[in-house]
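[1] What follows is a predicted protein model with its sequence.
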Amino acid sequence: MDWSPKDTWRGMADFLTDIQANLPAKPRAILMVSAHWLATQFSITSGKQPDLIYDYYGFPDHTYELTYPAPGDPTLAQRVAQLLNTAGISNCQDDSRGFDHGMFIPLKLIFPQADIPVVQLSLCNDLDPQAHLAVGKALASLRAEGVLIIGSGMSFHNMRGYGDRNFTERSEVFDQWLTETVATQEQQRWINLSDWSHAPYATDCHPLGREEHLIPLMVVAGAAGDDVGHKVYSEQVLETRLSAFRFG
């Protein structure tokens with residue numbers, strides 16, 4: 001897409017492109033938690049070859065012709081459901097749900113070959129941070145099974161704030177809190193993230209009721225266990241601070 005200036009998203013694109021080279025091994029599968037799928041209960045894609053969902057509006061025609069033919073993984077979907085059931089977490093499998101742009105846009109850059117099976121996990125539409133942390137904890141064993149767990153969202157997501165310099169300092173302060181929080185030990189991290197809305201400028205960066213772009217981080221943090229997180233990308237884009245974090 002054309003932006004002004006043209007390099008607006010270049011730093012983020014470079015970061016995503018470099019992820020594969022910085023992994024200890026190629027994952028056997030990916031579990032993607034996307035901000036763009038909210039359901040009444042945690043839902044799991046279970047189709048063998050999900051279609052793409054072009055869930056965006058008013059963009060150039062060519063953005064509706066993008067492809068990403070990664071296969072699904074019904075066996076992994078069943079494993080995810082089993083782990084959630086064992087933890088007493090209500091869930092369902094959906095064999096007709098496609099991959100939304102929270103999945104295929106970043107993965108086109110991270111794994112352009114589209115040769116790694118992917119399963120998507122929805123958010124629960126109550127956006128309860130503790131519930132999503134608990135989901136991550138229930139799924140933590142997948143990491144040792146060669147599954148890469150990705151939270152696809154944004155560290156800042158307030159559409160009114162993009163391009164507004166009044167939000168620059170607020171986003172910087174919240175980003176610093178987020179950076180310090182993911183770097184804490186598991187128990188304190190859980191406490192902080194459960195109470196994220198009381199962090200400085202938190203609701204300026206993620207308006208209450210619209211915090212779905214922050215919640216994928218909760219699942220990833222819950223799955224991290226004893227691993228502390230660290231910032232692996234940070235940049236000021238459209239007058240706001242955007243960052244990404246990695247555990248392990």
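    Nice, I can see it. Numbering: from 1, shown residues only.
[2] name the helices or strands packed onto the helix or strand that contains Val135?
    In this assignment (DSSP states H and E), Val135 forms part of helix 129-138. Contact here means 3 or more Cβ pairs under 8 Å, 6 or more residues apart in numbering; DSSP states H and E; on that basis helix 129-138 packs against helix 74-86, strand 118-124, helix 186-194, helix 215-223. For the C-beta atoms, the positions are set from N, CA and C on the backbone; glycine is no exception.
[3] Touching, Gln236 and Phe167? I think so.
    No. Using Cβ atoms under 8 Å, Gln236 is not in contact with Phe167; the gap is 10.9 Å.
[4] The two: which is more packed in?
    Phe167 (22 against 13; other Cβ atoms under 10 Å).
[5] Report the secondary structure state of that one.
    helix (DSSP: H, G, I helix; E, B strand; the rest coil).
[6] phi, psi of the nearest residue to it once chain neighbours are set aside?
    Leaving aside its sequence neighbours, Phe167 sits nearest to Gly161 (Cβ to Cβ, 6 or more residues apart in numbering; 3.6 Å). Torsion angles at Gly161 (phi, psi; degrees, to the nearest 10) stand at phi -90, psi -20.
[7] Ok, Tyr233 next?
    phi -160, psi 140.
[8] quick one: Gly209 from Asn125, how far?
    10 Å (Cβ to Cβ, to the nearest Å).
[9] More neighbours: which of those two?
    Asn125 (12 against 8).
[10] can you tell me which strand in this structure is longest?
    strand 29-39 (DSSP state E).
[11] could you point out which element follows it?
    Following strand 29-39 in sequence, per DSSP H and E, is strand 42-45.
[12] what mean pLDDT does that next one have?
    For strand 42-45, mean pLDDT rounds to 98.
[13] Show me what it is packed against.
    helix 74-86, strand 91-94, strand 118-124.
[14] quick one on the thing from earlier: grab the CA positions of the longest strand of the chain and hand them over as PDB.
    Provided in PDB are the C-alpha atoms of strand 29-39 (Å, rounded to 0.1, in the frame of the first residue of the first chain):
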ATOM      1  CA  ALA A  29       3.200 -25.500  13.500                       C
ATOM      2  CA  ILE A  30       1.900 -22.000  14.600                       C
ATOM      3  CA  LEU A  31      -0.900 -21.100  17.000                       C
ATOM      4  CA  MET A  32      -2.000 -17.600  16.100                       C
ATOM      5  CA  VAL A  33      -4.000 -15.500  18.500                       C
ATOM      6  CA  SER A  34      -5.500 -12.700  16.400                       C
ATOM      7  CA  ALA A  35      -7.100  -9.500  17.700                       C
ATOM      8  CA  HIS A  36      -9.500  -9.800  14.700                       C
ATOM      9  CA  TRP A  37     -11.500 -12.800  15.900                       C
ATOM     10  CA  LEU A  38     -13.700 -12.400  18.900                       C
ATOM     11  CA  ALA A  39     -16.200 -15.100  19.900                       C
END
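[15] mind listing what's buried in that strand?
    29-37, 39 (16 or more other Cβ atoms under 10 Å).
[16] Stretch 157-174 too?
    157-158, 161, 167, 170-171, 173-174.
[17] Out of those, the closest to Val219 would be?
    His157 (16.2 Å; Cβ to Cβ).
[18] Counting neighbours, what do you get for the residue nearest to that closest one when sequence neighbours are not counted?
    Leaving out its chain neighbours, the residue that sits closest to His157 by Cβ to Cβ, 6+ apart is His213, at 3.6 Å. Look at His213: counted by other Cβ under 10 Å, it has 22 neighbours.
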